[in-house]
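In: Here is a sequence together with a model predicted from it:
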Amino acid sequence: MTDVASAGGWSPERSAAAGHNPYLIAFVVSIATFMEVLDTTIANVALRHIAGGLAVGIDESTYVITSYLVANAIVLSISGWLATVIGRKRFYMMCVAVFSLASLLCGLAWSLEALVVFRIIQGLGGGGMATSEQAILADSFPPNKRGQAFAIYGVAVVVAPVVGPTLGGWITDTYSWHWVFLINLPMGMLSLFLVGTLVGEPSGAEQERARLLENGLRVDVVGFALVAVGLGSLEFVLDEGQRNDWFGSNMIVGFALLAVFCLLALIPWELSRKDPIVDIRLLGRRQFGACFVVMLATGAVLIATTQMLPQLLQTELNYTALLAGLALSPGGIVTMMMMPIVGRLVSIVQPKYLIVFGASVVASAMWYLTGLNGDITYGYAAISRVILGVGLPFLFLPVTTASYDGVPPNKTNQASALINVARNIGGSMGVALSQTVLAQRQQFHQNRLVEHAAPSDLGYQQTIEAVTRYFQAHGSNASDAAGQAIAWVGQTLQHQIDLLAYIDVFWMLSVLGMLMIPVALAIRSIDLGAAPRGH
């Protein structure tokens, strides 16, 4: 291995392109990742249909989501180690095969219990895809070309959550919820064929695997248990906390304590291992640690807004699931257009400056949404996503590129796993935080606004009189008109309470976007020099 490689740079023997155009490889390995990320959001839209089809309650059907996220988080955290032990290409193809087979079983599920079991298997398969793909891209491209490579990967990871609600709504309305899972099968088979034909196993990665196995395979069983239980419990708390009254629930308290204990115990244990299953030393590096935090916040904003905006449009403005999903589509199109542009900029502008710009744009998009009211148009919602769509590539691509700077080649798998853990856990944290803020601020605004809805309040009396006269003028008798007026005022009041609570959520997300800026400035400048000759 070259000195450049050993120092954390790029070397030809690390390439997985196997003589093919590396951009073709980037596209090929992005197919399955797009499928997997899409599946994390597409199923959300189908929950009501799943609950009806399997004759269970909506609360019970949410375990279809939770089971997948828990399994996904567990495998994601150890996927770097697994990719090294099994071989990156072999591990990637195993993940695609398991995910595709589990998707078929999910589509054929006959009960909620069966569907949850199959979703767990699907999550175990999907957890390693993004990690393996990122590592393949990082090793197949020299540092000054990684931005363009990650632009293709970014389309899969950033655009898929945007497309998910629209596609999910259309599939469930037009066909049935079963097809939400069944569409993964042909995509998975295509991915397996292309990866098996075009992608190679880097010789450098094979040497690392041989070194790891030369004295026999040593499995960090305790480390694996701590990661699995810790991250699994954390994911459960984040996903189920709001529905179970957070720490008012003994179950949530128990899982939260278990998560804290396992994740804290993981630190000294993994630091004392020669071959840790999760190399948390990477988080102690200034460069990687800062990128980890920014990716955590990026995942929070991306997934939270992807869930909260359609929820707002459907519950408060009576949009259909399909129309609410379509409101996100312009932002997805803009993101796809911006990805190659930002991919080029990454090779000529320091990542930290691009991240600062991206965080400012994302914060502006969230601030724009704080101006919402009951009369907002489809265009208002779409414009907010367009602004967000401009900013996200300036976060995702520079963070992904900078996170590999200075990381030794034999740590590429581990770095990729941790960055993807940040995105997934950040997304869960963003959704949990947004839903909690929404519920608490609804209660706050209700307490304040109801104070002015008392019969003794002059403004309330005048409103009731005016609305009563309106209903009388439209054919209601005096008694019915008075009842209709009181009901109308109650509905209007609740609508205002909900809108004010959503505004508070978007304020919170705007502040989160601004907090990324000082963290981004801690990222060191990277070498933007030319690639080695001949590559």
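Out: Sure thing, it's come through.
In: Show me where the stretch 151-300 of the chain has its helices.
Out: Ranges of helices within the stretch 151-300 of the chain are 160-174, 178-182, 184-198, 203-213, 221-240, 250-271, 286-316, based on DSSP state H, counting those that start in this stretch.
In: In a markdown table, list these along with distance to residue 403.
Out: (C-beta placed from N, C-alpha, C; glycine too.) Formatted as a markdown table, the helices of the stretch 151-300 of the chain follow (distance: least, Cβ to Cβ, whole Å):
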| stretch | distance to residue 403 |
| --- | --- |
| helix 160-174 | 20 |
| helix 178-182 | 32 |
| helix 184-198 | 24 |
| helix 203-213 | 19 |
| helix 221-240 | 19 |
| helix 250-271 | 19 |
| helix 286-316 | 4 |
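In: Could you work out which of those reaches nearest to residue 432?
Out: When the helices of the stretch 151-300 of the chain are compared by Cβ to Cβ, helix 221-240 sits nearest residue 432, at 4.3 Å.
In: pull the CA atoms of the strand or helix carrying residue 137 into PDB?
Out: Residue 137 is part of helix 129-140, with elements assigned from DSSP states H and E. Extracted C-alpha coordinates of helix 129-140, given in PDB (Å, rounded to 0.1, in the frame of the first residue of the first chain):
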ATOM      1  CA  MET A 129     -26.500  -0.800   2.400                       C
ATOM      2  CA  ALA A 130     -25.700   2.900   2.900                       C
ATOM      3  CA  THR A 131     -22.500   2.100   4.900                       C
ATOM      4  CA  SER A 132     -21.100  -0.200   2.300                       C
ATOM      5  CA  GLU A 133     -22.000   2.100  -0.600                       C
ATOM      6  CA  GLN A 134     -20.300   5.100   1.000                       C
ATOM      7  CA  ALA A 135     -17.200   3.100   1.700                       C
ATOM      8  CA  ILE A 136     -17.100   1.800  -1.900                       C
ATOM      9  CA  LEU A 137     -17.400   5.400  -3.200                       C
ATOM     10  CA  ALA A 138     -14.800   6.800  -0.800                       C
ATOM     11  CA  ASP A 139     -12.300   4.100  -1.900                       C
ATOM     12  CA  SER A 140     -13.100   4.200  -5.700                       C
END
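In: next one: it to chain centre, how far?
Out: 18 Å (Cα atoms, centre = their mean, to the nearest Å).
In: Give the other helices and strands that that helix contacts.
Out: helix 22-45, helix 63-86, helix 88-107, helix 146-154, helix 412-450 (3 or more Cβ pairs under 8 Å, 6 or more residues apart in numbering; DSSP states H and E).
In: could you check the angle helix 184-198 makes with the first one?
Out: Interaxial angle of helix 22-45 relative to helix 184-198 (axes from the mean of the first three to the mean of the last three Cα atoms, to 10 degrees): 160 degrees.
In: which stretch in the helices and strands packed on helix 129-140 is the model least sure about?
Out: Of all these, mean pLDDT reaches its minimum on helix 146-154 (a mean of 70).
In: Identify the residues contacting the residue lying closest to residue 36 once chain neighbours are set aside.
Out: Sequence neighbours aside, residue 126 is the residue nearest to residue 36 in space, at 4.2 Å (criterion: Cβ to Cβ, 6 or more residues apart in numbering). Contacts for residue 126 were tallied using Cβ atoms under 8 Å, 6 or more residues apart in numbering; they are 36, 39, 40, 68, 72, 75, 95, 99.
In: My read is that the last one contacts residue 128, right?
Out: Spelled out, it's residue 99. No: with contacts counted by Cβ atoms under 8 Å, residue 99 stays clear of residue 128, the gap being 9.1 Å.
In: which one of the two has more residues nearby?
Out: A count of neighbours by other Cβ atoms under 10 Å puts residue 128 above the other of residue 99 and residue 128, at 30 against 27.
In: could you check the distance from the more buried one over to residue 113?
Out: Per Cβ to Cβ, to the nearest Å, residue 128 is found 25 Å from residue 113.
In: Any idea which of the helices of the stretch 151-300 of the chain has the lowest pLDDT on average?
Out: With a mean of 61, helix 203-213 has the lowest mean pLDDT of the helices of the stretch 151-300 of the chain.
In: what's the burial count for residue 269?
Out: Using other Cβ under 10 Å, residue 269 has 20 other residues around it.
In: Spit out the contact partners of the residue nearest to residue 339 when sequence neighbours are not counted.
Out: Setting aside the residues directly before and after it, residue 339 is nearest to residue 151 in space (Cβ to Cβ, 6+ apart), at 4.1 Å. Residues in contact with residue 151, defined by Cβ under 8 Å, 6+ apart, are 339, 340, 342, 343, 393, 397.
In: what do you get for residue 503?
Out: 369, 370, 372.
In: my guess is the second one meets residue 507, correct?
Out: Yes: assessed by Cβ under 8 Å, residue 370 is found in contact with residue 507 at 5.4 Å.
In: Spatially nearest residue to residue 396 (excluding sequence neighbours)?
Out: residue 154 (5.0 Å).
In: Surely the one you found touches residue 341?
Out: No: using Cβ under 8 Å as the test, residue 154 is too far from residue 341 to be in contact (11.5 Å).
In: ok, residue 441 to residue 293 distance?
Out: Distance, residue 441 to residue 293, by Cβ to Cβ: 26 Å.
In: Determine the longest helix present in the chain.
Out: In the chain, assigned by DSSP state H, the helix with the most residues is helix 478-520.
In: Give me the mean pLDDT for it.
Out: The pLDDT scores in helix 478-520 average 83.
In: now it against helix 286-316, angle please.
Out: Using the same axes, to 10 degrees, the direction of helix 478-520 lies 170 degrees away from that of helix 286-316.
In: what angle sits between helix 478-520 and helix 412-450?
Out: With the same axes, to 10 degrees applied, the angle from helix 478-520 to helix 412-450 works out at 150 degrees.
In: Report the distance from helix 478-520 to the chain centre.
Out: Relative to its chain's centre, helix 478-520 lies at 25 Å (Cα atoms, centre = their mean).
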